[in-house]
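> Got a sequence here, can you model it:
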Amino acid sequence: MGEKLICNNKKAYHDYFIEEKLEAGLVLQGTEVKSLRAGKANLNDSFMLVRDGEAYLHNLNISQYEFGNRQNHQPDRNRKLLLHRCEIDRLYGKIREKGLSVIPLRLYFKDGLVKVEIGLAKGKKLYDKREDMKTKDSQREMSQALKARNRD
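Model (predicted):
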(Lines give C-alpha, C1' and ligand atoms only; values in the text may rest on other atoms or scores of the structure.)
Protein backbone atom coordinates (compact mmCIF):
# COMPACT_ATOMS: atom_id res chain seq x y z
CA MET A 1 0.00 0.00 0.00
CA GLY A 2 1.08 3.58 -0.49
CA GLU A 3 0.55 6.87 1.19
CA LYS A 4 -2.68 8.85 1.11
CA LEU A 5 -2.24 12.52 1.92
CA ILE A 6 -4.72 13.98 4.41
CA CYS A 7 -3.44 17.55 4.62
CA ASN A 8 -0.36 19.66 3.98
CA ASN A 9 1.15 22.60 5.86
CA LYS A 10 2.07 24.94 3.00
CA LYS A 11 2.54 27.84 5.38
CA ALA A 12 5.43 26.01 7.08
CA TYR A 13 7.64 26.24 4.00
CA HIS A 14 6.87 29.94 3.69
CA ASP A 15 7.59 30.80 7.34
CA TYR A 16 10.45 28.40 8.17
CA PHE A 17 13.68 26.89 6.89
CA ILE A 18 13.18 23.12 7.28
CA GLU A 19 16.46 21.59 8.43
CA GLU A 20 15.42 18.00 9.12
CA LYS A 21 12.34 15.79 8.65
CA LEU A 22 11.05 12.89 10.74
CA GLU A 23 8.05 10.56 10.59
CA ALA A 24 6.00 10.00 13.73
CA GLY A 25 2.81 8.21 14.67
CA LEU A 26 -0.13 9.80 16.48
CA VAL A 27 -2.24 8.56 19.38
CA LEU A 28 -5.82 9.05 18.17
CA GLN A 29 -9.37 8.11 19.12
CA GLY A 30 -11.73 6.27 16.76
CA THR A 31 -13.81 9.26 15.73
CA GLU A 32 -10.62 11.21 14.96
CA VAL A 33 -9.52 8.58 12.46
CA LYS A 34 -12.95 8.61 10.82
CA SER A 35 -12.81 12.39 10.56
CA LEU A 36 -9.30 12.19 9.06
CA ARG A 37 -10.53 9.70 6.46
CA ALA A 38 -13.02 12.40 5.45
CA GLY A 39 -10.12 14.87 5.16
CA LYS A 40 -11.19 17.17 7.99
CA ALA A 41 -7.89 18.33 9.51
CA ASN A 42 -5.93 21.57 9.73
CA LEU A 43 -2.19 21.76 10.46
CA ASN A 44 -1.81 25.55 10.39
CA ASP A 45 -0.24 27.06 13.54
CA SER A 46 0.41 23.64 15.08
CA PHE A 47 3.67 22.77 16.81
CA MET A 48 5.34 20.13 19.00
CA LEU A 49 6.26 20.49 22.66
CA VAL A 50 8.09 18.05 24.93
CA ARG A 51 6.51 17.60 28.36
CA ASP A 52 7.60 15.00 30.96
CA GLY A 53 9.77 13.25 28.38
CA GLU A 54 6.87 12.82 25.93
CA ALA A 55 6.19 14.70 22.69
CA TYR A 56 2.78 16.33 22.16
CA LEU A 57 1.32 18.03 19.11
CA HIS A 58 -0.52 21.25 19.98
CA ASN A 59 -3.12 23.16 17.90
CA LEU A 60 -3.76 20.29 15.47
CA ASN A 61 -7.42 20.75 14.63
CA ILE A 62 -9.32 17.59 13.64
CA SER A 63 -12.99 18.45 13.13
CA GLN A 64 -15.60 16.46 15.00
CA TYR A 65 -16.92 13.40 13.21
CA GLU A 66 -20.17 14.28 11.51
CA PHE A 67 -21.96 11.06 12.51
CA GLY A 68 -20.43 10.84 15.98
CA ASN A 69 -22.43 10.62 19.18
CA ARG A 70 -21.68 11.92 22.67
CA GLN A 71 -18.41 9.95 22.61
CA ASN A 72 -17.08 12.29 19.90
CA HIS A 73 -13.57 13.73 20.38
CA GLN A 74 -12.48 17.27 21.27
CA PRO A 75 -11.32 18.95 18.02
CA ASP A 76 -8.38 20.87 19.51
CA ARG A 77 -6.97 18.53 22.14
CA ASN A 78 -3.24 17.87 22.45
CA ARG A 79 -2.19 14.63 20.77
CA LYS A 80 0.73 12.46 21.78
CA LEU A 81 3.40 11.75 19.16
CA LEU A 82 4.87 8.27 18.94
CA LEU A 83 8.64 8.70 18.76
CA HIS A 84 11.58 6.78 20.18
CA ARG A 85 13.13 8.13 23.38
CA CYS A 86 16.41 8.97 21.62
CA GLU A 87 14.54 10.95 18.92
CA ILE A 88 12.60 12.92 21.54
CA ASP A 89 15.78 13.68 23.49
CA ARG A 90 17.64 14.78 20.36
CA LEU A 91 14.79 17.06 19.22
CA TYR A 92 14.41 18.50 22.71
CA GLY A 93 18.14 19.25 22.85
CA LYS A 94 18.06 21.08 19.52
CA ILE A 95 14.99 23.06 20.55
CA ARG A 96 16.65 24.16 23.82
CA GLU A 97 20.13 24.76 22.41
CA LYS A 98 19.53 26.45 19.06
CA GLY A 99 16.05 27.90 19.52
CA LEU A 100 14.55 25.83 16.72
CA SER A 101 10.90 24.77 16.44
CA VAL A 102 9.33 21.44 15.57
CA ILE A 103 6.30 21.79 13.32
CA PRO A 104 4.16 19.27 11.41
CA LEU A 105 4.58 19.40 7.64
CA ARG A 106 1.99 16.90 6.45
CA LEU A 107 -0.50 14.37 7.77
CA TYR A 108 -1.08 11.14 5.86
CA PHE A 109 -2.16 7.50 6.00
CA LYS A 110 0.63 4.94 5.56
CA ASP A 111 -0.39 1.28 5.47
CA GLY A 112 -3.64 2.12 7.27
CA LEU A 113 -1.95 4.08 10.07
CA VAL A 114 -2.01 7.84 10.55
CA LYS A 115 1.46 9.36 10.34
CA VAL A 116 2.67 12.92 10.67
CA GLU A 117 5.84 14.27 9.08
CA ILE A 118 7.45 16.72 11.47
CA GLY A 119 10.23 19.11 10.60
CA LEU A 120 12.94 20.72 12.69
CA ALA A 121 12.58 24.31 11.57
CA LYS A 122 14.22 27.69 11.95
CA GLY A 123 12.06 30.78 11.52
CA LYS A 124 12.55 33.00 8.49
CA LYS A 125 13.04 36.73 8.74
CA LEU A 126 11.01 39.10 6.57
CA TYR A 127 13.89 39.65 4.14
CA ASP A 128 14.25 35.87 3.70
CA LYS A 129 10.57 35.62 2.76
CA ARG A 130 10.98 38.48 0.26
CA GLU A 131 13.99 36.74 -1.29
CA ASP A 132 11.98 33.53 -1.70
CA MET A 133 9.15 35.44 -3.34
CA LYS A 134 11.60 37.08 -5.79
CA THR A 135 13.06 33.73 -6.82
CA LYS A 136 9.59 32.21 -7.27
CA ASP A 137 8.50 35.18 -9.40
CA SER A 138 11.60 34.98 -11.57
CA GLN A 139 11.14 31.21 -12.02
CA ARG A 140 7.51 31.73 -13.01
CA GLU A 141 8.44 34.46 -15.53
CA MET A 142 11.14 32.28 -17.07
CA SER A 143 8.80 29.32 -17.47
CA GLN A 144 6.11 31.55 -19.03
CA ALA A 145 8.65 33.02 -21.45
CA LEU A 146 9.79 29.53 -22.45
CA LYS A 147 6.20 28.41 -23.01
CA ALA A 148 5.48 31.49 -25.15
CA ARG A 149 8.69 30.92 -27.13
CA ASN A 150 7.87 27.25 -27.74
CA ARG A 151 4.38 28.11 -28.99
CA ASP A 152 5.73 30.35 -31.74
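
> Pull the contacting residues for the residue lying closest to L81 once chain neighbours are set aside.
Nearest residue to L81 in three dimensions, chain neighbours excluded: A55, at 4.1 Å (Cβ to Cβ, 6 or more residues apart in numbering). In short, each C-beta sits where N, CA and C put it, glycine included. A55 makes contact with 24, 48-49, 80-81, 83, 88, 91 under the criterion Cβ atoms under 8 Å, 6 or more residues apart in numbering.

> Which one of those is nearest to G123?
G123 has its nearest neighbour among these in M48, at 14.8 Å by Cβ to Cβ.

> Which residue is the nearest non-sequential neighbour of that closest one?
In space, M48 is closest to V102, 4.0 Å off (Cβ to Cβ, 6+ apart).

> neighbouring strands for the helix or strand hosting that neighbour, and are they parallel or not?
Assigned by DSSP states H and E, V102 belongs to strand 101-110. Strand pairing for strand 101-110, using DSSP bridges, gives strand 3-8 (antiparallel), strand 113-123 (antiparallel).

> before we move on, back to that, checking the residue nearest to L81 next. Helix, strand or coil?
strand (DSSP: H, G, I helix; E, B strand; the rest coil).

> One more: D76?
Applying three-state DSSP: D76 is coil.

> Quick check, pLDDT for it.
As predicted, D76 sits at a pLDDT of 80.

> show me the contacts for it.
59-61.

> Mind listing the residues bridging to the residue nearest to L81?
With DSSP bridges as the rule, A55 is bridged to V50.

> Quick check on A24: phi, psi?
With angles defined as degrees, to the nearest 10, A24 shows backbone torsions of phi -140, psi 150.

> Count the neighbours of it for me.
21 (other Cβ atoms under 10 Å).

> and what of L43?
So L43, with other Cβ under 10 Å, has 23 neighbours.

> what about it, distance to V116?
In this structure, L43 and V116 are 8 Å apart, going by Cβ to Cβ, to the nearest Å.

> likewise N61?
Counting by Cβ to Cβ - N61 and V116 are separated by 13 Å.
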